[in-house]
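Peer 1: build me a model:
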Amino acid sequence: MMELKTDTSIDAMYEAGQVVASALTAVREAADVGVSLLELDEVAREVLRAAGATSPFLGYRPSFAPTPFPAVICASVNDAIVHGIPDGYRLRDGDLVSIDCGAQLGGWAGDSAISFTVGTPRPADVALIGAAERALAAGIEAAVVGNRIGDIAHAIGTVCRGAGYGIMEDFGGHGIGRRMHEDPAVPNEGRPGRGMPLRHGMCLAIEPMLIGGGTDSYHAAPDGWTLRTNDGTRAAHAEHTVAITENGPRVLTARRTE
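Peer 2: All right, here's what the predicted structure looks like:
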């Protein structure tokens with residue numbers, strides 16, 4: 001069941017969202033050739049600790065997962081789309097990295113993701129990441145009172161398909177608030193004017209996930225968590241927690257560089 005948040009609750013969610021923003025900024029700054037994914041996870045853990053926040057990722061176990069998630073970030077590299085488990089892999093020149101992070105603070109959750117390249121960027125990766133960011137921006141722009149969930153989905157899908165990229169089947173954004181995952185589901189493709197009406201106080205995690213090869217298919221890696229492209233092409237992920245207000249969308253996980 002969806003809960004409409006009060007303005008005071010949205011302010012509290014902004015505090016949680018800013019912890020996430022700080023963690024992602026710190027991870028992005030630490031990411032370099034030779035740095036391991038476990039080291040990046042530790043960077044995010046330190047930001048959470050310093051803020052007095054906890055991780056909604058750590059120990060999370062949805063129905064599809066064989067084991068609880070063991071980290072505070074998802075670190076997905078190259079053909080990994082989402083849910084990558086940080087391990088001893090050391091970043092290499094030209095890697096495309098997607099980092100997803102959450103924080104729980106004062107009873108409220110924030111959730112956000114970024115994609116970036118390490119070392120010398122490939123032009124195709126730059127274009128893919130740019131499309132993910134444009135799709136996210138389009139989804140946020142559509143997140144206004146009076147629109148519907150389908151308007152957000154249509155805005156995201158139009159950017160993704162227009163750029164020739166694939167969209168993950170069965171995965172998309174979600175409601176967020178007291179828990180990281182709440183109702184409603186927010187697809188990354190859909191028909192405008194359909195779905196739940198958007199109302200003041202709704203909080204959504206909007207998150208396009210793009211597949212570079214243009215197909216929509218993916219598979220789970222042997223760890224049961226990491227989702228990889230079937231065609232081996234690279235992927236990008238962008239996400240913000242957004243509050244829908246009478247004054248327009250409020251991005252609760254906005255980073256200072258944005």
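Peer 1: any regions of this structure where pLDDT drops low?
Peer 2: The chain contains residues with pLDDT under 70 at 257-258.
Peer 1: and the helices in it?
Peer 2: According to DSSP state H, the chain carries its helices in the segments 7-30, 37-51, 123-141, 149-162.
Peer 1: ok, Tyr165 - contacts?
Peer 2: The contact partners of Tyr165, by Cβ atoms under 8 Å, 6 or more residues apart in numbering, come to 128, 131, 210-212, 214. All C-beta atoms are positioned from the backbone trio N, CA, C, and that covers glycine.
Peer 1: filter those residues to the buried ones?
Peer 2: 128, 131, 210-212 (16 or more other Cβ atoms under 10 Å).
Peer 1: gap between Thr117 and Asp100?
Peer 2: 17 Å (Cβ to Cβ, to the nearest Å).
Peer 1: more neighbours: the two, which one.
Peer 2: Asp100 (25 against 20; other Cβ atoms under 10 Å).
Peer 1: returning to that earlier point: His237 is nearest to which of the helices of the chain?
Peer 2: Minimum separation from His237 across the helices of the chain (Cβ to Cβ) falls at helix 123-141, 6.5 Å.
Peer 1: tilt between that closest one and helix 149-162?
Peer 2: Helix 123-141 and helix 149-162 are oriented at 160 degrees to each other (axes from the mean of the first three to the mean of the last three Cα atoms, to 10 degrees).
Peer 1: report the buried residues of stretch 13-26.
Peer 2: 13-24, 26.
Peer 1: quick check: the farthest pair among those residues?
Peer 2: Met13 and Ala26 (20.4 Å).
Peer 1: still on that earlier bit, what is the nearest of the buried ones among the contacts of Tyr165 to Leu58?
Peer 2: Using Cβ to Cβ, the buried ones among the contacts of Tyr165 come closest to Leu58 at Leu210, 26.6 Å.
Peer 1: quick check: that closest one vs Leu4, distance?
Peer 2: Computed as Cβ to Cβ, the Leu210 to Leu4 distance reads 31 Å.
Peer 1: again with Asp11
Peer 2: 15 Å.
Peer 1: ok so, going back, what would the contacts of Tyr165 look like in JSON lines with distance to Glu39?
Peer 2: Conversion of the contacts of Tyr165 to JSON lines gives the following (distance: Cβ to Cβ, whole Å):
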{"residue": "Leu128", "distance to Glu39": "25"}
{"residue": "Ala131", "distance to Glu39": "29"}
{"residue": "Leu210", "distance to Glu39": "27"}
{"residue": "Ile211", "distance to Glu39": "28"}
{"residue": "Gly212", "distance to Glu39": "26"}
{"residue": "Gly214", "distance to Glu39": "33"}
